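[1] pasting the structure only:
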Ligand SMILES: [Zn+2]
């Protein structure tokens, strides 16, 4: 069996027990990268040399008789907004081109401690703003299922890398669907953990109150493994929860008999592709056969989610991205004659149009005199959205919805229509606004052979339940596999 | 003159407000106290310093403020090269404390309560350098040692009516903050900085005039000068029929004037919003109670107590409160001692100790005579082992040799003779040797006693206890 076909769990077991060397595993993945990357372009930076060194170090550790970590020799791709010390971290933006991370993100530190092997940094929509990875300042990433189509976004590079089996695991970040939507487009598992379960220290902030780092994998078991490594309290992130990943993953194993599944009527609406809706309902039917109880429910404030998200996220972004000013690091403009010119030239040349659009939106929304009408109101709407979920989770354990209204669309199809692009996150945004847990898993293919994603949403710290339901579906009908 | 003051005060923590860097960067090599957090690297998050919150809360409690059950950190957004994140983490709509006041003693001896509007916690910015040594640069350098250093901003109500009142308030404020241990308030190091909101109001009126905010006033004397200048400037404008513009003005200490910095229209829109990286700060009542219990006695209360319980003079009470180290010295020497100790102790400290330290250019902390030595010196005078003159002599010697006063009394042979028989002998001898004085005394000329006392002291080499000598002379001539 080719090592690139293996799951992370299988690789870690084989490397830890000495059946397989980490170096062989890394080599196999870089061979695949060399074969596929020219077409897919998932990576902004490849770390072959570093990865081979790290893999050799893992093997040496085993040779010394030391116990290996839970990710022993497992190749992992990192979205290029997560800091890996000494390695260029760009957010796929010109403004950070050449910026070398001064420290490791907490998630990276934890993965290093478990002997993971980082193979590269993946492409994203600039500063994670977008739903197709077309907003990368460097290049577009192709969907491995159809290279004329987008991989989704903003974590498109990570989703594509895992789907194309260039890595069994990757990390992405999800602010309004940036893990789940590309997972859905690329036919892989993408988990957005509960806000606070995974430390944000070392994740370049887009919208601090919404951002969460989470795993991409090809199996639910692999996603659970990676979450168990990266999750848990971090003293460097005050907003991180005291809950352990073990607590969040409780209920991971076992049956789904009696599991109460809600179908929120606001998520089955006109505008959703019929094939997508059909596949989602078929998956729900499978869960029913396995013993789940299905019920129609309502989240009445769902329709306000996108609107309020596009106030909250840009507002926070306008402040978070202000530090890229050309003074201390990143792009700068040495020809500028005055301080204002430095700012204008740096930010004018450094940021792409979507980033500028959101900075302007956010700056406006926070302006004196508008704050209450926009940011204040959006935060109140957010409370209502969270209350909808609280109410509905008294009736059901999880919600089943489409992850996105459509399967992967073609390059250029929506890139010039921000509103159409924003709506591709209509089903994923509410979970960020409420801060709860959600996952996207493959649930079939369209007639054109494109993956369809099923989203399961659960209360905060219900990752175990979500993965148990996802795992039940995975067992009942294996996830579609990318050929080639 | 109507004045409200905004005082920024640096908290005396070991580390910065949101990172682990040392809070001691003043005068150190530029950028030697920095890390990814306080230089605004991508991906960093702030972690609130608990000690800073403790000190801030203690300052608020000492200034009679109410602590908010919950307060919120907010981002104040603006671009400047010394502000690495392009926002300052501060508090805006929900500061940690409000509604306090400071009793201020005015120059005429009267008292006035200056109300405190609010106190909030925030981080400092870095510092721009425009020259290296004396060489002027055509570019600027940034030093982030000061970036994210913890500050509290103390904002008064517009209660101050003269530059003298402003000076008195600042003096009282500094004293309290130093006493509580919140801050060293060293203005030369920028640990205490002041902005003033100034307007003028017609005598007898209750309507406030338009105010100007004066920035960059960095010594108490500057505050006085700036207020006087600004007052005259506004009066002149009004008297010549003009109107005051709401604006921010900068104090120019060299030319002794304020200059317009920006008008109200040019004022920044800071786009404040709650910092999503920090959770709300809850003031746990148990914790607050502990902090309150740990507050030292405040200067004003201390002065009153010293004067009333120990019957010290107002001057002594003032001196023994003026400095925290001196207060501690007095308290340590007094600890476990009876009340009668206070007065002679205060005398020795204010005259002998401070005089000598002053002469040698030493601080209290450097005093060779410890509080314990000082206490034993007082004990020796109170039990008549040595005279007050002897005490001065012992003190002087102890200051040089650091020897125990009890040992020194023996060494210097200064202990007084209290043995009646022995003193009686000297008295008889003195009377015999001075028949004229003895006769005068007997005939009721009391002034003659002095000569006999002098003779006794000569015979006893100064060791005879004066009170005993007087008593025995009286008995002998009866
Ligand atoms: Zn620091």
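    Everything's here; your move. Remember, it's a predicted structure, so these values are computed and weren't measured experimentally. Residues are numbered from 1 along each chain as shown, chains lettered A, B, ... in the order given.
[2] run through the strands of the stretch 1-150 of chain B in chain order.
    All strands of the stretch 1-150 of chain B, identified by DSSP state E, counting those that start in this stretch, fall at B:2-10, B:66-67, B:70-71, B:74-77, B:87-90, B:97-105, B:111-123, B:127-132, B:135-143, B:150-156.
[3] now swap in the stretch 201-350 of chain B and tell me
    Ranges of strands in the stretch 201-350 of chain B, per DSSP E, counting those that start in this stretch, are B:212-217, B:247-252, B:257-263, B:273-274, B:281-282.
[4] so which bits of stretch B:113-128 are buried?
    Across stretch B:113-128, burial judged by 16 or more other CB atoms under 10 Å in any protein chain shown covers B:114, B:116-127. Every C-beta, even on glycine, is put in place using the N, C-alpha and C of the backbone.
[5] list the residues that contact the closest residue to residue A:148 other than its chain neighbours.
    Closest residue in space to residue A:148, ignoring its immediate chain neighbours: residue A:410 at 5.7 Å, by CB to CB, 6 or more residues apart in numbering or on different chains. Contact analysis of residue A:410 by CB atoms under 8 Å, 6 or more residues apart in numbering or on different chains lists A:148, A:149, A:150.
[6] for residue A:410, give me phi and psi.
    phi -80, psi 160 (degrees, to the nearest 10).
[7] mean confidence for whatever helix or strand residue A:110 lives in?
    If you go by DSSP states H and E, residue A:110 is part of helix A:106-113. Averaging pLDDT along helix A:106-113 gives 98.
[8] ok, and what's touching that helix?
    Under the criterion CB under 8 Å, 6+ apart, residues A:69, A:71, A:76, A:78, A:82-85, A:104, A:118, A:171, A:198-199, A:201-203, A:213, A:229-230, A:232, A:234, A:236-237 lie in contact with helix A:106-113.
[9] would you mind stating the distance between residue B:174 and chain A?
    33 Å (CB to the nearest CB, to the nearest Å).
[10] output the lowest mean pLDDT helix or strand found in chain A.
    helix A:418-423 (a mean of 77; mean pLDDT, DSSP states H and E).
[11] any part of the very next helix or strand once past that helix near chain B?
    Using DSSP H and E, the helix or strand that follows helix A:418-423 in sequence is helix A:429-434. No. Helix A:429-434 stays clear of chain B (CB under 8 Å from any CB of the partner chain), getting no nearer than 12.5 Å.
[12] next SSE after helix A:429-434?
    With secondary structure assigned by DSSP H and E, helix A:429-434 is succeeded by strand A:437-445.
[13] identify the bridge partners of the residue nearest to residue A:148.
    Residues in a beta bridge with residue A:410, per DSSP bridges, are residue A:149.
[14] on that earlier part again, make JSON lines from the contacts of residue A:410 and add distance to the ion, neighbour count and pLDDT to it.
    JSON lines is the format used below for those (distance: CB to the ion, whole Å; neighbours: other CB atoms under 10 Å in any protein chain shown; pLDDT from 0 to 100):
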{"residue": "A:148", "distance to the ion": "48", "neighbour count": "11", "pLDDT": "97"}
{"residue": "A:149", "distance to the ion": "45", "neighbour count": "21", "pLDDT": "97"}
{"residue": "A:150", "distance to the ion": "40", "neighbour count": "29", "pLDDT": "97"}
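[15] let me know the closest of the residues you listed to chain B.
    Distance to chain B, by CB to the nearest CB, is smallest for residue A:150 among the contacts of residue A:410, at 25.7 Å.
[16] nearest to chain A, of the buried residues of stretch B:113-128?
    Distance to chain A, by CB to the nearest CB, is smallest for residue B:126 among these, at 10.1 Å.
[17] list the contacts for that closest one?
    So residue B:126 contacts B:82, B:83, B:84, B:142, B:143, B:144, B:145, B:146, B:147 (CB under 8 Å, 6+ apart).
[18] next one: phi and psi at the residue of the stretch 101-250 of chain B found nearest the ion?
    Nearest residue of the stretch 101-250 of chain B to the ion (CB to the ion) works out as residue B:148 at 6.0 Å. Backbone torsions for residue B:148, taken as degrees, to the nearest 10, come to phi 70, psi 20.
[19] appreciated, that's everything.
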